[in-house]
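*Asks:* from the sequence below, what's the structure:
(chains A and B)
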Amino acid sequence: MTPLNLFLLLSALLFSIGLAGALTRRNAILVLIGIELMLNAANINLIAFWRFGPNPEALTGVMFAIFSISVAAAEAAVGLAIILAVYRHNKTTNLNQIDTLKG
Amino acid sequence: MSWIVHNLWLVAALPFAAGGVISVMKQRQRTLAAGLAVGSMALSFVLALMAFVQVLTSHGEATRQFSNFAWFQFGAEWVRLGWLLDPLTAVMLVMVTFVGLLIFIYSIGYMAEDENFKRFFCFLALFAGAMLGVLIANNLLLLFMCWEIVGLTSYLLIGFWYEKPSAAAAAKKAFIVTRIGDLGLFLGMAWLYAQTGTLLFYDAGRGCLEANALTTLAMHTTVFGLTLSSAIGILIFCGSAGKSGQVPLHVWLPDAMEGPTPVSALIHAATMVAAGVFLLARVYPLLSAGVTHGMTTTVALQVVTWVGAITALFGALVAVAQWDIKRILAYSTMSQLGYMMIGLGTGGVSVGMFHLITHAFFKALLFLGAGSVIHGCHGEQDIRFMGGLRKAMPVTFAAYSCGMLALCGVPLFSGFWSKDEILHSAFVWNLSRGPFYIGAIGALLTAFYMTRQMIYVYAGTTRLAAESTHGEHGHSGAHESPKVMTVPLLILAVPAVVLGFFGTPVWPWFQSFLEGDTANVSFGALGGAFPLMIVSSLIVFVGLGLGWLLYGRKLIVDVGALDRIESAQPGLFHLLSGAFYINELYAATVVRFTLVAASVSAWLDRWIFGGVVRAISTIFVLFAKVDSFADTHVVNRGFDAGCGSVSYGGSFLSKLQAGKVQRYLKFVGVALFVAVALLFWGGKA
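*Replies:* Numbers count the residues shown, from 1 in each chain, chains lettered A, B, ... in the order given. This is a model prediction of the structure:
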């Protein structure tokens, strides 16, 4: 059986890729994709810790993951809607140019 | 109560409104201005006639009707005003509106060439409104307010030609001198209010001229053993004396002739100066309050009588030696006002008022005639430069003669009846015959100076062309005035002649009307008055004859010739022509005292009070300097430092808030990293 370490490594890798994408990309949609990646890394962690935990019979980890995925879906919908609205307003999705909230 | 009593205020309000409208009109809307003024006056005349008929057709108690209303609350008390319609008011209303209307019409002709035509009519209308307000007031306060507006318009009209320094000075003098009298009136009014708690004349038993109040006033005595009613009456008389030009407050009246002649006629002969007499007639119940069986008169009435007598003689004497045609009439007016006072003091309201009414007509006639003469002589007022106008101005001459005969008291003319009645009541006055003798001498002098004036102005040949400096456009000689001026003269001449028949001893309709009775024809009354009538007629004819003897027998030809009296008695003549040097006396005493007091006050103000104020202000300025130093160098600096650091902090923090989403994300990432690192290594430590 694959050890827990590998799952954690995979999720760390996925989180790092997501973080890197969110930080480096200038396109708001790609930033959103990066954030999704990070969320999924967290989901992998949840499943892994459940599977290797002391009580694998109860489906607690899966429940958490499903909740997390549905919340992420809702969040993505809202996020995309915001990006669309911002695009219509500014004619761009480049985050460097969207800085009207600066102090 | 009838419509007219409720709406009596309209009589006064109409000219007021006309004056207000005219005041905002343009300078060149001359026809409209004159039309408005004359129209409002005509309407007031109609209303006055309605009021007169209303009084005429009512009997007994109903002859005195009033309409009171609450004005404003003053502490716990309501100040109430109102108007009053009684025979006195009705007669005066008709007189003032009628004479006023004629003088307004006359003014259209007289002022035709004046550029301030509009302003003149504005003032005239304002005056008429205020004067009518005095007449209808049922409250001494309301009367006083209108009285002061009358004084103001008098000031404005005397000073109408204010570019002339003498006119401006005369206006000022009139205003100040009458104010001195009004001070007395004001004090009397305040005292009356303090004693009775009301200033309404008639208020269904609670007014200050009704039995309740009068009994209280007459019972209490005050300083010098005067009863309260007499003391208040004398104070009110001060106001009357100022307005009616009684000695010693007469000095303004002759100078008031600087105003345009219609003004002299309307204000300083017919109406305003008569307002003083009217006021006394109005408060006559107060003046005569407390007349008991033993005493037939009160102190207040005695004061009125004696002051009137002195004025009557004084005016007549001074009029003998004047050269200005209007000044002669002015002194004559003074003298006649004195007669009215004698009549009021000795014979009661009806005697004084009868002379007031007849005098208003014939003196207005004389002034308008004089205005016509001045107009015809191109502005010349000195009678030495006139002469021979009988042929040049026949209409004016005819009208003027009527006025002159009425003023002299030639039998059957109106002045004869009214003056005779005054002499009669003075004759039967039980305290002294003095006023009667003074009045008789005054009547003699009146006939004398009017004869002198007539001969100077109308007889002989003209002295105008040669000497006048006022001739314009190459005019030589005098000309008759336009119709708009002569027609009012002729209309006024009628009452000047016939009005007296309404108050003869045989048929004393006027006197009965004022007292609310019906008049009966009784030839028996003639018997009592007849001897005196003969005497007074004789006096008049002696006066006329004396005048003719001195001036008419040998006519004056030379302009520079001395007056006949001047050549006989130069000292006396100069004393008279200088009006007994009363003006100079005042200038040396009252005026000088005032000036000295003023300069002392100015010195006190500048150096003592001003010095104190300056010292105090210097201290405060010093304080302020210290304060401002502390403010700029201590308080401000601290605040500046505080503000600087706050704003620096703000600008630093605002850099973090750059609006770049990914930068925020970076912070989060770094923070995550740091947190993980701390957990990782910090946990082990």
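
*Asks:* let me see the ranges of the strands in the stretch 51-200 of chain B.
*Replies:* Under the criterion DSSP state E, counting those that start in this stretch, the stretch 51-200 of chain B carries strands at the ranges B:65-74, B:77-85.

*Asks:* return the residues of chain A in contact with chain B.
*Replies:* A:19, A:22-23, A:26, A:31, A:95-96, A:98-103 (CB under 8 Å from any CB of the partner chain). In this view, the C-beta of every residue, glycine as well, is placed from N, C-alpha and C.

*Asks:* okay, now residue B:460: neighbour count?
*Replies:* 18 (other CB atoms under 10 Å in any protein chain shown).

*Asks:* could you list every residue that touches it?
*Replies:* Listed by CB atoms under 8 Å, 6 or more residues apart in numbering or on different chains, the contact set of residue B:460 reads B:387, B:388, B:555, B:556, B:557.

*Asks:* mind doing that once more with 6 Å?
*Replies:* B:387, B:388, B:555 (CB atoms under 6 Å, 6 or more residues apart in numbering or on different chains).

*Asks:* tell me the secondary structure of it, please.
*Replies:* Three-state call for residue B:460 (DSSP: H, G, I helix; E, B strand; the rest coil): coil.

*Asks:* next one: it from chain A, what distance?
*Replies:* To chain A, residue B:460 is 108 Å away according to CB to the nearest CB, to the nearest Å.

*Asks:* can you give me phi and psi for that residue?
*Replies:* Torsion angles at residue B:460 (phi, psi; degrees, to the nearest 10) stand at phi 70, psi -150.

*Asks:* skipping its backbone neighbours, what lies nearest it in space?
*Replies:* Nearest residue to residue B:460 in three dimensions, chain neighbours excluded: residue B:555, at 4.1 Å (CB to CB, 6 or more residues apart in numbering or on different chains).

*Asks:* what helix or strand is the one you found on?
*Replies:* Secondary structure assigned from DSSP states H and E places residue B:555 in neither a helix nor a strand.

*Asks:* what does stretch B:300-320 rub up against?
*Replies:* So stretch B:300-320 is contacted by B:230, B:233-234, B:237, B:246-247, B:287, B:328, B:331-332, B:334-335, B:338-339, B:341-342, B:345-346, B:435, B:438, B:442, B:445-446, B:449, B:576, B:579 (CB under 6 Å, 6+ apart).

*Asks:* could you dump the contacts of residue B:460 into a markdown table with pLDDT added?
*Replies:* As requested, the contacts of residue B:460 are exported to a markdown table (pLDDT from 0 to 100):
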| residue | pLDDT |
| --- | --- |
| B:387 | 78 |
| B:388 | 79 |
| B:555 | 77 |
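
*Asks:* scan these and report the most crowded one.
*Replies:* residue B:387 (23 neighbours).

*Asks:* residue 17: how many residues sit nearby?
*Replies:* Assuming you mean chain A. Neighbours around residue A:17, by other CB under 10 Å: 14.

*Asks:* oops, chain B please
*Replies:* Residue B:17 has 15 nearby residues by other CB under 10 Å.

*Asks:* and the pLDDT for it?
*Replies:* pLDDT recorded at residue B:17 is 93.

*Asks:* spatially nearest residue to it (excluding sequence neighbours)?
*Replies:* residue B:40 (6.8 Å).

*Asks:* and the one helix or strand the one you found maps to with strand B:77-85, angle?
*Replies:* Assigned by DSSP H and E, residue B:40 belongs to helix B:30-57. Calculated by axes from the mean of the first three to the mean of the last three CA atoms, to 10 degrees, helix B:30-57 forms an angle of 90 degrees with strand B:77-85.

*Asks:* show me what contacts residue B:571?
*Replies:* So residue B:571 contacts nothing (CB under 6 Å, 6+ apart).

*Asks:* ok, then the element right after the helix or strand containing it?
*Replies:* Residue B:571 belongs to helix B:570-577 when elements are defined using DSSP H and E. Next helix or strand after helix B:570-577 toward the C-terminus (DSSP H and E): helix B:582-586.

*Asks:* which parts of that following helix are buried?
*Replies:* residue B:586 (16 or more other CB atoms under 10 Å in any protein chain shown).

*Asks:* likewise stretch B:543-556?
*Replies:* B:543, B:544, B:546, B:547, B:548, B:550, B:551, B:552, B:556.

*Asks:* for chain B, which residues score under the pLDDT cut-off?
*Replies:* B:1, B:60-61, B:292-296, B:464-477, B:518-519, B:523-528, B:683-685 (pLDDT under 70).

*Asks:* residues from it in reach of chain A?
*Replies:* For chain B, the residues in contact with chain A (CB under 6 Å from any CB of the partner chain) are B:654, B:657, B:658, B:659, B:660, B:661, B:662, B:665, B:666, B:669.

*Asks:* between which two of these is the distance greatest?
*Replies:* B:654 and B:669 (22.2 Å; CB to CB).

*Asks:* who has more neighbours, these two?
*Replies:* residue B:669 (15 against 11).

*Asks:* which residue packs closest to that one, ignoring adjacent ones?
*Replies:* Here the residue nearest residue B:669, using CB to CB, 6+ apart, is residue A:19, at 5.8 Å.
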